[in-house]
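Visitor: I would like to see how this sequence folds:
(2 chains)
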Amino acid sequence: MPFTHVEIEERKTRTIAWLFFVLMAIYVLSIIVLVWGIRFWLGFSGSLEGSHFIGALGVALLLALFHWAGSTHRLVDRVLATVLAQPADIEDTYHKRFRNIVEEVAIATGGRYRIEPHVISTTALNACAVADFNGRAAIAVTEGLLARLNRAQLEAVVGHEAAHIASGDSLGSSIFCGLFALHEEGLKRLSGLFSERHWRLRGRGAGLVLFVIVVLWVTNKVKRFCELFLSRQREYRADAVAVRLTRNPLGLAEALHVISNHWRGVGEQGESLSTIFIMDTGAEPLSEQTGLTSDLFSTHPPALQRIAALLGMAHIAPEQFSKEMDAKQRIQKPKQLLDETSQPAIQPIEDARRWFLWNRESWLGPFGLEQLRSRKDWLPENWVRQEGKDDAIPAHQDPHLLQLLRSRYGADASAEATTARECPNCRVSLSRRFYEGVPLDQCPACGGCYIKTDQIKRVLLREEYAFPEEVKRLAAAMPMVRQAKQIARRYGTLPYNQLKNRQCPSCKSAVVRKFYTEEYLVEVEQCWMCGLAWLDRLELELLQYLYEQRAAERKEAPNL
Amino acid sequence: MAIMGFVLLLVLVALLLWFVGDYNRLVRIRQELKSAWSQIDVQLKRRHDLIPNLVESVKGYMAHEQKTLENVIKARSQAVNASDLKDKAQAENFLTQTLRSLFAVAERYPDLKANQNVIALQEELTSTENRISFARQFYNDQAMRLNTMVETVPTNIVANMTGFAKAEFFQIEDPGHREAPQVKFN
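Guide: Numbering: from 1, shown residues only, chains lettered A, B, ... in the order given. Down below sits the predicted model:
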């Protein structure tokens, strides 16, 4: 392997210098041609005179300079915003692992780079790297990638991206994307003029615009070819450097195999940034052709070739590898139920009042507080009636009983910590728990939980736990998707209603009860503004179960 | 005569430039070696700091595994007190082994495995182990480069004149690592 870090550094300087030169040449050429065209339009004819040539060059360089300053300003932030990446969550265990891996790999590069870890909230599998001239660098991976890859595989992917950063590829791509954004923007605007049904431009004006469009289009294509050609070569090299960093060719081969067998798209915006991703972001099947034409027209080399090269390093036959990968089943750990609670030790409480308890059929009791507390069927939402009085209330509405309930659940040893929020139904303090690596605030009494909408997505993707029988029964009783679609068609939207006496605990906005989506008809109570959702007991698992069922169905019928 | 003098001058200048260039490369590698070593130190310290927390949180669950826990604590204090490079490497390898056996034992306690605190600590320790091995890898790569330069012609002339010595490798003396690698898919 020829790449020591010093060699990478030296090559990086050389490549960037080259790239810069070629780019500037294309840029200046395009400007000169434009100036010549405008001059012709204004009525001059004949060849360019010296003064005009120098003037055009000056204009071109000045434009380039301004544009350069503009396009490199906050470049990393802008690219990350384009692919909708967010900084990795500190509390989420999957994100924590990713943060750790990024730091590990940064150490393997000799600690020269501070790399910021970012996560793209999508189910697709892909990863990208960006860097700018101020030495800022970031690696962004998708939620899907975090959920599907194991530690070694993720480390290999991060190694690949770190290799792009170390060898200056990310910088080069960023320059490409930044510098020619003006051309692309101009092209888009000007072609807009012609897309109307009636041409708004006629005569010589139209001729000029057409001319400008042709120049911009040709420049764009030339730039695109340069970019694609470089991009293909760089992927092999980044793979090789990644292996040098992590010493794990098999991990990278496995990761590429997994990524190439899943959806890799990151949205329309991401499409134009395809070169900075580890694999092509297009919707088409991966291009597996080789030769000059595919070198010119596709952003990434064939996945099979990349995998074959890596397997060569690991001394493994490709047939054996694909057999092992096909046979591999995800190991499901034994289920840890979300609503497991342990009964804490009981402390005596002095209160002379006695209460009747409604158990859905008849009034039981009367019970003293101590008896009430030790009854397992006494929950915060049960109705109670004080002895000698007629009016019944839910247990949590009496301040003394609420205190009793809180002390009963507060000492729950299995929770991480109690939080400041309280259950909207039981009024009991919620406890902080982790489900599928996601932190959520769960009610120890009724098992419901507060969870943010983007965190629900993460839970759906991850598969640490198996489902209890109860969830499967609930799923079988779910309304059909077809029915829901009929309803939605009739009313224009799925029904929802605002909950009058409820407030979002985080932003104090209104809360509505609605279905999660048209496909997944689980009721959630969601904040109108910030999207914080309350899910009742087992609803989160139900949603996850339905999602996996749907994914399995799709896998069986891939042509639909 | 004047031409001869000019050529001689050119040769001298070229020699000087070559000398300076090589010397600067040697110095740069030595600096990287130093920073890599301090990185290893930082990560080892991080591991030493994590272990008391780990022992504290598993103690309640593993009342019957006193010996394993004591081993870990003993290995840690040995590693903290080790002074020279060889002792240090040995003590750290011992610590790695005892930690490995601790986690192997922990597999038998489902409550422990479900404890979020322990899961988080285990992740931190795994990450620290990786950082140590990556830092060591980088250190050894740089040491190899320095040694190659010190031993090969012509850089050895510069190295000898300016007193550059060969660097010591950070060795792994864990017999498990010497065995033939096995391929695992998991």
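
Visitor: could you measure from A:Tyr545 over to chain B?
Guide: Going from A:Tyr545 to chain B by C-beta to the nearest C-beta, to the nearest Å gives 21 Å. From N, CA and C alone the C-beta is placed, and that goes for glycine too.

Visitor: same deal with A:Glu370?
Guide: Between A:Glu370 and chain B the computed distance is 29 Å (C-beta to the nearest C-beta).

Visitor: mind telling me what element that residue is part of?
Guide: Using DSSP states H and E, A:Glu370 sits within helix A:369-374.

Visitor: buried ones in that helix?
Guide: A:Leu369, A:Leu372, A:Arg373 (16 or more other C-beta atoms under 10 Å in any protein chain shown).

Visitor: isn't A:Asp132 right next to A:Val76, touching?
Guide: Yes: using C-beta atoms under 8 Å, A:Asp132 is in contact with A:Val76, at 5.1 Å.

Visitor: tell me the one of the buried residues of helix A:369-374 nearest chain B?
Guide: A:Arg373 (25.7 Å; C-beta to the nearest C-beta).

Visitor: please name the nearest non-neighbouring residue to the residue in the stretch 101-250 of chain A that chain B sits nearest to.
Guide: In the stretch 101-250 of chain A, the residue that lies nearest chain B is A:Ala108 (3.9 Å; C-beta to the nearest C-beta). Excluding its sequence neighbours, the residue lying closest to A:Ala108 (C-beta to C-beta, 6 or more residues apart in numbering or on different chains) is B:Phe134, at 3.9 Å.

Visitor: what is the neighbour count of the one you found?
Guide: 27 (other C-beta atoms under 10 Å in any protein chain shown).

Visitor: ok, now the one 5 residues further on?
Guide: The tally of other residues near B:Tyr139 (other C-beta under 10 Å) stands at 24.

Visitor: skipping its backbone neighbours, what lies nearest it in space?
Guide: B:Ala36 (4.0 Å).

Visitor: list the contacts for that neighbour?
Guide: B:Ala36 sits next to A:Gly110, A:Gly111, B:Ala135, B:Phe138, B:Tyr139, B:Gln142 when contact means C-beta atoms under 8 Å, 6 or more residues apart in numbering or on different chains.

Visitor: centre of the chain to the helix or strand encompassing it, how far?
Guide: Using DSSP H and E, B:Ala36 maps to helix B:2-59. Its chain's average C-alpha position is 15 Å from that of helix B:2-59, according to C-alpha atoms, centre = their mean, to the nearest Å.

Visitor: got it, and stretch A:471-482?
Guide: Relative to where its chain is centred, stretch A:471-482 has its mean C-alpha point 28 Å off (C-alpha atoms, centre = their mean).

Visitor: start to end distance for it?
Guide: Start to finish, the residues bounding stretch A:471-482 are 21 Å apart (C-alpha to C-alpha, to the nearest Å).

Visitor: other residues contacting it?
Guide: In contact with stretch A:471-482 (C-beta under 8 Å, 6+ apart) are residues A:Glu518, A:Glu519, A:Leu521, A:Val522, A:Leu538, A:Glu541, A:Leu542, A:Tyr545, A:Leu546, A:Gln549.

Visitor: now the last one: how far from chain B?
Guide: Distance from A:Gln549 to chain B, counting by C-beta to the nearest C-beta: 26 Å.

Visitor: run a quick neighbour tally on that residue.
Guide: Neighbour count for A:Gln549, taken as other C-beta under 10 Å: 12.

Visitor: skipping its backbone neighbours, what lies nearest it in space?
Guide: In space, A:Gln549 is closest to A:Ala475, 7.0 Å off (C-beta to C-beta, 6+ apart).

Visitor: would you say the one you found is within a helix?
Guide: Yes: the assignment for A:Ala475 is a helix, going by DSSP: H, G, I helix; E, B strand; the rest coil.

Visitor: confidence score at the residue nearest to A:Ala108?
Guide: Predicted confidence (pLDDT) for B:Phe134: 89.

Visitor: try A:Ala152
Guide: Here the pLDDT value assigned to A:Ala152 is 90.

Visitor: go on, A:Glu155?
Guide: The model reports A:Glu155 with a pLDDT of 94.

Visitor: give me the distance between it and A:Ala147.
Guide: 16 Å (C-beta to C-beta, to the nearest Å).

Visitor: likewise for A:Gly55?
Guide: Here the criterion is C-beta to C-beta. By it, A:Gly55 lies 58 Å from A:Ala147.

Visitor: who has more neighbours out of those two?
Guide: Counted by other C-beta under 10 Å, A:Gly55 and A:Ala147 do not tie: A:Ala147 has more neighbours, with 20 against 14.

Visitor: give me the neighbour count for the residue nearest to A:Gln549.
Guide: A:Ala475 has 16 nearby residues by other C-beta under 10 Å.

Visitor: please apply the same query to B:Val20.
Guide: 11.

Visitor: and the next element down the chain from the helix holding B:Ala36?
Guide: helix B:66-81.

Visitor: by contact count, what packs against that following helix?
Guide: helix B:2-59, helix B:85-106 (3 or more C-beta pairs under 8 Å, 6 or more residues apart in numbering or on different chains; DSSP states H and E).

Visitor: most tightly packed of the ones you listed?
Guide: Sort the helices and strands packed on helix B:66-81 by mean neighbour count, taking mean count of other C-beta atoms under 10 Å in any protein chain shown, and helix B:85-106 sits at the top with a mean of 17.

Visitor: from the chain's centroid, how far away is that helix?
Guide: Relative to its parent chain, helix B:85-106 has a centroid offset of 14 Å by C-alpha atoms, centre = their mean.

Visitor: does that helix reach chain A?
Guide: No: Helix B:85-106 lies out of reach of chain A by C-beta under 8 Å from any C-beta of the partner chain, never closer than 14.3 Å.

Visitor: pLDDT of that helix, averaged?
Guide: Averaged over helix B:85-106, pLDDT sits at 83.

Visitor: give the buried residues for stretch A:135-153.
Guide: For stretch A:135-153, burial by neighbour count (16+ other C-beta under 10 Å) applies to A:136-149, A:151-153.

Visitor: so which of those residues are also by chain B?
Guide: Restricting these to those touching chain B (C-beta under 8 Å from any C-beta) yields A:Arg151.

Visitor: take the buried residues of stretch A:135-153 and keep only those in strands.
Guide: Among the buried residues of stretch A:135-153, the residues falling in strands (DSSP state E) are A:Ala137, A:Ala138, A:Ile139, A:Ala140, A:Val141, A:Thr142.

Visitor: going by distance to A:Leu357, which of those residues wins?
Guide: Nearest to A:Leu357 among those is A:Thr142, at 50.4 Å by C-beta to C-beta.

Visitor: which residues pair with the closest one across the strands?
Guide: Beta-bridge pairing of A:Thr142, defined through DSSP bridges, involves A:Ile120.

Visitor: who's in contact with it?
Guide: A:Val119, A:Ile120, A:Ser121, A:Thr122, A:Thr123, A:Ala124, A:Leu125, A:Asn126, A:Ala127, A:Val266.

Visitor: tell me the confidence at it?
Guide: 91.

Visitor: same check on the one 4 residues further on?
Guide: A:Leu146 is assigned a predicted lDDT (pLDDT) of 91.
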